[in-house]
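Engineer: Fold the following, please.
(chains A and B)
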Amino acid sequence: MTSQKKDILRVVNLGINVDGKSVLQNVNLYIQQGETFALFGPNGSGKSSLLSALIGNPVYKLYSGRIVFKGQDITHLSTDERVRLGMGIAFQTPPKVSGVKLIDILRHCAKIGNRSEEDIYRFAEMLNMEDFLNRYVNQGFSGGEVKRSELLQLLLLNRDFIMLDEPDSGVDLENISIVGNAIKKLLERDRDPESRTKSGLIITHTGHILDYVDADYGVILYKGRIACVGNPYDILNEVSQNGYEGCINKCLREFPNLNNLK
Amino acid sequence: MSKGIPEPEQLEIEKPEVRKKLESVGIELNPERRSATFMQVDQETAAVSTFSESVEIMSIRDALKKYDWLEDYFWKAVRRDQDSYTKEADSEDVNGYFIRSFPGKNVKIPVEACLYLKKAKSKQKVHNIIIAEEGSELNIISGCTSHPGVTSGMHIGISEFFVKKDAKITFTMIHSWDSDVEVRPRSVAIVEDNGVFISNYVLMNPVKLVQMYPTAYLGENSTAIFSSIIVALENSVVDAGSRAILRGKGSSAEIISRTISKGGDIIARGHIVGDAPDVKGHLECRGLMLSDNGIIHAIPELEAKFPNVDLSHEAAIGKIAEEEIFYLQSRGLTRDEATASIIRGFMDLDIKGLSEILKREIDKAISMVEKDIF
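Structural biologist: Numbering: from 1, shown residues only, chains lettered A, B, ... in the order given. Sure, this is the predicted structure:
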């Protein structure tokens, strides 16, 4: 493992429309191999939109900028092409797919992630999902079961850059450590920093997940723009004391050129 | 009497394309995997064999000669004068099969019956009688198909089912015709007290027209379950429904259909009549439109004649949700793979009371065809 970190993701001046309405403007983000970012922001600030745009959800239309992944411009690639290049995502509320069993999807994931059939059962056990393998995916799953199912799929997909949309919401106390440990493994946060190859972008409202998974950087999205970048724990602290506005104002005082917010 | 495997000149069984066609409608011609075999090519009996003591099988011609009492069943469930097709089947040269499970016997390994249309532009007339004697259980796969290259013809099939007290029939009919074949099945099941009748239907290949409305008459505490998986391709018209007349106290019925139009027209009918107290029925029609051409017309009907009946239906027609395709793409499936998985899932019916063997046969019939059409 070289100590020279490689580029994983470069988002340049990204602008995204949904139904003709702009949800992201001038977003710039640079993530290197081995780094995990926490993404904060109030409801409706564009956090999920950013993840959707990065994974290539066709509803999210790009009107400016580009996305470079592992040195390759992926702006116009389809979702599955991005996934095969190394992206992965856990959705906050994935759709039910009637008739398609979790195990069928897991086998696809394992194939792409170069994992074995035994891995499927091993990870399913780890996430307490053995009883769900033959169920239609997400059908009748509770909030916490959905999160675990998403993580199980990601563990088998074995991607290099992983996006997690509020992996801690709706997870009860009993399962939060299971979820936390799975993410830790997924992002190799249990390894020493130099040997990490996986990168992550985690949306968290409460920051609970950061008790289990440490992040290298925190980013605040505010009204569709990146408003603050810094130490995730400082940001969390500042937001809990002075709210997002307070944190952003402080950020602006310290880095006046960070972004043009008005 | 036992003829075993059909003779080559009748079927050209040695040809791989014939084998494949038979296999795609669940016909194996393998004594290890079937309790009995019947095969009719055009109007003639091509094979009859029984590999089990629990069941008898023969052509309807032989059965009518052998058993005088069969007159009490022949044309007793289906009306002789129901329509021009029943009248046409009521002829001297009619053939068909007679299958009977003996009282108390369990014929778990399926009996296979094949109706094979060999001669182009010909009319195949079939009259079947199926009896599950008291307390017995009978599993049947009925595969109907046409010879490779034979694109036109007509098939008229009368089927009369008699499910005696405490007996159970599971009848799985798989059709694979061709673009100019017209098919008119006429089926009625008489289900006695505590009996169970499970009917499954699979049609995924081109056909000119299938028109049928199989009906079950239910005795006390008996059950009927009808499930259909129908794909209508360009220029195909399928008018298919299932009907349950709940005339015994405590009887119940479930009618489920999954229809897919890929350019063809489908009328998905369903009719449950609550003709006795304490009956229960549910009807579920789901349709998937895959093309700008074609029609799916769902007609679910419920009829109650007593206050304490519980009848319900749900019908939904739509296209594949983009959200679901995107979700599967986010797991690395291409758009085409994702679409195919969702269609496959749409056809995955969880049929209550269906044995594993029959479930596998249905799955196999679907997977043999789906690659070519989706």
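Engineer: Mind giving me the packing neighbours of the helix or strand B:N139 falls within?
Structural biologist: Assessed by DSSP states H and E, B:N139 sits inside strand B:137-146. Contact analysis of strand B:137-146 by 3 or more CB pairs under 8 Å, 6 or more residues apart in numbering or on different chains; DSSP states H and E lists helix B:16-24, strand B:97-101, strand B:106-117, strand B:123-132, strand B:152-163, strand B:168-176, helix B:356-373 as its packing neighbours. Placement of C-beta: from N, CA and C, glycine included.
Engineer: and the closest residue to A:D168 other than its chain neighbours, how many neighbours does it have?
Structural biologist: Using CB to CB, 6 or more residues apart in numbering or on different chains and skipping residues adjacent in sequence, the residue nearest A:D168 is A:I209, 4.1 Å away. A:I209: 24 surrounding residues under other CB atoms under 10 Å in any protein chain shown.
Engineer: My guess is A:I209 contacts A:P167. True?
Structural biologist: Yes: between A:I209 and A:P167 a contact is recorded at 5.9 Å, counting by CB atoms under 8 Å.
Engineer: tell me, what's touching the two both at once?
Structural biologist: Both A:I209 and A:P167 are contacted by A:179, A:183, A:202, under the criterion CB atoms under 8 Å, 6 or more residues apart in numbering or on different chains.
Engineer: Out of those residues, name the ones that lie in strands.
Structural biologist: With DSSP state E as the criterion, strands contain A:I202 from among those.
Engineer: Report the residue spans of chain B with pLDDT below the cut-off.
Structural biologist: B:1-5, B:7-9 (pLDDT under 70).
Engineer: Could you find the closest non-adjacent residue to the residue in it that chain A sits nearest to?
Structural biologist: Here the residue of chain B nearest chain A is B:G345; by CB to the nearest CB that distance is 2.3 Å. Nearest residue to B:G345, sequence neighbours excluded (CB to CB, 6+ apart): A:G99, at 2.3 Å.
Engineer: got a list of what that neighbour touches?
Structural biologist: With contacts defined as CB under 8 Å, 6+ apart, A:G99 is in contact with A:136, B:342, B:344-348.
Engineer: can you tell me which of the residues you listed are in helices?
Structural biologist: B:342, B:344-346 (DSSP state H).
Engineer: ok, the closest residue to B:S59 other than its chain neighbours - how many residues close by?
Structural biologist: Leaving out its chain neighbours, the residue that sits closest to B:S59 by CB to CB, 6+ apart is B:T45, at 4.3 Å. The tally of other residues near B:T45 (other CB under 10 Å) stands at 20.
Engineer: What about B:T45? Give its phi and psi, please.
Structural biologist: Dihedral angles of B:T45 (phi, psi; degrees, to the nearest 10) stand at phi -80, psi 120.
Engineer: Break down chain B into its helices, ranges please.
Structural biologist: Ranges of helices within chain B are B:8-11, B:16-24, B:60-66, B:84-89, B:322-329, B:335-346, B:356-373, based on DSSP H.
Engineer: Highest mean neighbour count out of the ones you listed?
Structural biologist: Highest mean neighbour count among the helices of chain B (mean count of other CB atoms under 10 Å in any protein chain shown): helix B:322-329, with a mean of 21.
Engineer: so how many other residues sit close to the residue lying closest to B:I317 once chain neighbours are set aside?
Structural biologist: Once flanking residues are discounted, B:I317 sits nearest to B:G287: 3.7 Å by CB to CB, 6+ apart. By other CB under 10 Å, the residues close to B:G287 number 22.
Engineer: about what we covered before: mind checking which of the helices and strands packed on strand B:137-146 is nearest A:Y63?
Structural biologist: helix B:356-373 (38.8 Å; CB to CB).
Engineer: which ones are touching B:V107?
Structural biologist: Per CB under 8 Å, 6+ apart, neighbours of B:V107: B:35, B:52, B:54-55, B:101, B:136-139.
Engineer: one more time with 7 Å
Structural biologist: Neighbouring residues of B:V107 by CB atoms under 7 Å, 6 or more residues apart in numbering or on different chains: B:35, B:52, B:54-55, B:101, B:137-139.
Engineer: Can I get the buried ones among the residues you listed as something I can paste into ChimeraX?
Structural biologist: Applying 16 or more other CB atoms under 10 Å in any protein chain shown to those, the buried members can be selected in ChimeraX as follows:
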select /B:35,52,54,55,101,137,138,139
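Engineer: right, and the pair among the contacts of B:V107 with maximum separation?
Structural biologist: By the measure CB to CB, B:S52 and B:E137 form the most distant pair in the contacts of B:V107, at 12.2 Å.
Engineer: what residues does chain A put near chain B?
Structural biologist: Within chain A, the positions near chain B by CB under 7 Å from any CB of the partner chain are A:55, A:57-58, A:78-80, A:83-84, A:89, A:94-95, A:97-100, A:104-105, A:108-109, A:112, A:153, A:157.
Engineer: can you give me the helices for the stretch 51-200 of chain A?
Structural biologist: A:79-85, A:102-113, A:117-126, A:143-157, A:173-186 (DSSP state H, counting those that start in this stretch).
Engineer: Summarise which helices and strands the last one is packed against.
Structural biologist: Applying 3 or more CB pairs under 7 Å, 6 or more residues apart in numbering or on different chains; DSSP states H and E, one finds that helix A:173-186 makes contact with helix A:143-157.
Engineer: Show me the contact partners of the longest helix anywhere in chain A.
Structural biologist: Of all segments of type helix in chain A, defined using DSSP H, the longest is helix A:232-254. The contact list for helix A:232-254 (CB under 7 Å, 6+ apart) reads A:38, A:40-42, A:207, A:210, A:215, A:217-218, A:220, A:222, A:227-228, A:230, A:258.
Engineer: What residues of it count as buried?
Structural biologist: A:232, A:235-236, A:238-239, A:244, A:247-251.
Engineer: Also stretch B:73-85?
Structural biologist: Neighbour-count burial for stretch B:73-85 flags B:73-75, B:77-78, B:85 (criterion: 16+ other CB under 10 Å).
Engineer: Can you tell me which of the residues you listed is nearest A:G140?
Structural biologist: Proximity of the buried residues of stretch B:73-85 to A:G140 (CB to CB) peaks at B:A77, which lies at 40.3 Å.
Engineer: contacting residues for that closest one?
Structural biologist: Neighbours of B:A77 in contact, by CB under 7 Å, 6+ apart: B:160-161, B:188, B:190.
Engineer: Next, count neighbours for residue 163.
Structural biologist: You didn't say which chain, so I picked chain A. Using other CB under 10 Å, A:M163 has 26 other residues around it.
Engineer: Sorry, I should have been clearer: chain B.
Structural biologist: Neighbour count of B:V163, defined by other CB under 10 Å: 33.
Engineer: Please apply the same query to the one 10 residues further on.
Structural biologist: Other residues near B:M173 number 25, with proximity taken as other CB under 10 Å.
Engineer: again with the one 3 residues further on
Structural biologist: Applying the criterion other CB under 10 Å, we find 24 residues in the vicinity of B:S176.
Engineer: Look up how far B:E314 lies from the residue nearest to B:H297 when sequence neighbours are not counted.
Structural biologist: Among residues not flanking B:H297 along the chain, B:I267 sits closest, at 4.7 Å (CB to CB, 6+ apart). B:I267 is 18 Å from B:E314, where distance means CB to CB, to the nearest Å.
Engineer: neighbour count winner among these two?
Structural biologist: Shown here are B:I267 and B:E314; by other CB under 10 Å, B:I267 has more neighbours (17 against 11).
Engineer: so B:V25 sits right up against B:T172, yeah?
Structural biologist: No: the pair B:V25 and B:T172 does not pass the contact test of CB atoms under 7 Å, sitting 9.9 Å apart.
Engineer: which residue is nearest the middle of chain A?
Structural biologist: Nearest to the geometric centre of chain A sits A:M163, at 1.9 Å (CA atoms, centre = their mean).
Engineer: re earlier: which of the contacts of helix A:232-254 sit farthest apart?
Structural biologist: Pairwise over these, using CB to CB, the maximum falls at A:L210 and A:L258, 22.2 Å.
Engineer: all strands of the stretch 1-150 of chain A, in order?
Structural biologist: Under the criterion DSSP state E, counting those that start in this stretch, strands of the stretch 1-150 of chain A are mapped to A:7-18, A:21-32, A:36-40, A:61-69, A:72-73, A:87-90.
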